[in-house]
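Colleague: With the input below, show me the fold.
(3 chains)
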Amino acid sequence: MPELPEVQTVLDGVQSVLNGRVLAGLESYYPGTVILDPELSDDAFPSRLDKATRRGKYMLFQLDSGVTMIVHLRMTGKLVYDSQAMETHKHERARILLEGGEAIRFIDPRTFGKITLLKSENLEYYMPKLGPEPLSEEFDANYLHLILAGRSAPIKNLLLDQRLIAGLGNIYVCELLFRAKVRPQRPGKSISRKESRLMVKHAKAVLQEAIKVGGTSISDFRRIDDKTGEFQNFLQVYQQKECPKGHALENIRLGGRSSFYCPVCQR
DNA sequence: CAATGATCCTGTCCGC
DNA sequence: TGCGGACAGGATCATT
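Modeller: Purely as a prediction, here's the structure:
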């Protein structure tokens, strides 16, 4: 489900829910969903939220007990706020307990999502090495051109590699490649400096537009308040039949993922 | 190191 | 209606 704009949308929602509230605990209902740092202190809870941040598709909740909670939604994870959470939902894998019976449910049918609770000073050990944030200044034409040099893999696969750029996923890569008029199967090293500049520009634009409207709600993505995002209404190629100019789109598989592109507009 | 494919799971959709 | 197969927004591990 969630790429950078969706994760940012969820993070903003969770932050407003947690603001001023006391976190009482974390319950796990499915083996492997919750990961606990062996060095975790016993007094992780009760605590309050110090700071909520996003790194790529990871949400980081820094608690004032010296503990950090990392949430990754992977494909189908959702966070759902309930003012009175009683029986567990069918796909509820974990629950963040708040004071007074309130809770944030972690719903995840495919069980790929993870919540990690760790001593804040061990954060580096628990976070993978990620590339720059696509919305940061560090991600510019120079950087992109540099990491593409000498690479024979398709540009789409490289843009999805979180070690190179952190936060892009299948939907937004399809969209930015269309806007930059670059075919997804082009080898990284074949991308010109000019095309690198266009891809950077359009990556930032498409992400910012999506954040502005609360992300893309394909299938069942929801904000924590259960509202849908709106960016699915602005997709130009992902899961579409034709491009805005009316050309029939191709859908090929790259790295095991469906890749929509326009054979006329993209070169 | 780079590239590719399999894998972790469950639900949904499509064709027969 | 039922069944089998393909597919799904992600990341990691093994293999070549």
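Colleague: doesn't A:L60 make contact with A:D50?
Modeller: No. When contacts are counted by C-beta atoms under 8 Å, A:D50 is not listed as touching A:L60 (10.5 Å). All C-beta atoms are positioned from the backbone trio N, CA, C, and that covers glycine.
Colleague: which of these two has more neighbours?
Modeller: More crowded of A:D50 and A:L60, by other C-beta atoms under 10 Å: A:L60, with 19 against 14.
Colleague: Show me what counts as buried in stretch A:68-78.
Modeller: For stretch A:68-78, a neighbour-count test (16 or more other C-beta atoms under 10 Å) marks A:T68, A:M69, A:I70, A:V71, A:H72, A:L73, A:T76, A:G77, A:K78 as buried.
Colleague: Check these against A:E175 and report the nearest one.
Modeller: The nearest member of the buried residues of stretch A:68-78 to A:E175, counting by C-beta to C-beta, is A:L73 at 19.8 Å.
Colleague: In contact with that closest one: list those residues for me.
Modeller: A:L73 makes contacts with A:M1, A:P2, A:E6, A:V7, A:V10, A:K57, A:L79, A:D108, A:G113, as judged by C-beta atoms under 8 Å, 6 or more residues apart in numbering.
Colleague: same question, A:P184
Modeller: A:P154, A:I155, A:K156, A:V173, A:C174, A:L177, A:I252, A:L254, A:S259, A:Y261, A:Q266.
Colleague: again, but for A:L135
Modeller: Contacts of A:L135 by C-beta under 8 Å, 6+ apart are A:L4, A:K204, A:L207, A:Q208.
Colleague: okay if I get those as TSV plus neighbour count?
Modeller: Putting those into TSV (neighbours: other C-beta atoms under 10 Å) gives the following:
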residue	neighbour count
A:L4	24
A:K204	16
A:L207	23
A:Q208	12
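Colleague: Tell me the one among those nearest to DNA strand B.
Modeller: A:L4 (20.6 Å; C-beta to the nearest atom of the strand).
Colleague: Look up how far A:S259 lies from that closest one.
Modeller: 19 Å (C-beta to C-beta, to the nearest Å).
Colleague: before we move on, what about A:G229?
Modeller: Distance from A:G229 to A:S259, by C-beta to C-beta: 22 Å.
Colleague: looking at the sheet around A:L26, what are its partners?
Modeller: A:I96 (DSSP bridges).
Colleague: How about the contacts made by it?
Modeller: With C-beta under 8 Å, 6+ apart, A:L26 has these contacts: A:V34, A:A44, A:F45, A:M69, A:A94, A:R95, A:I96, A:L97, A:I115, A:L117.
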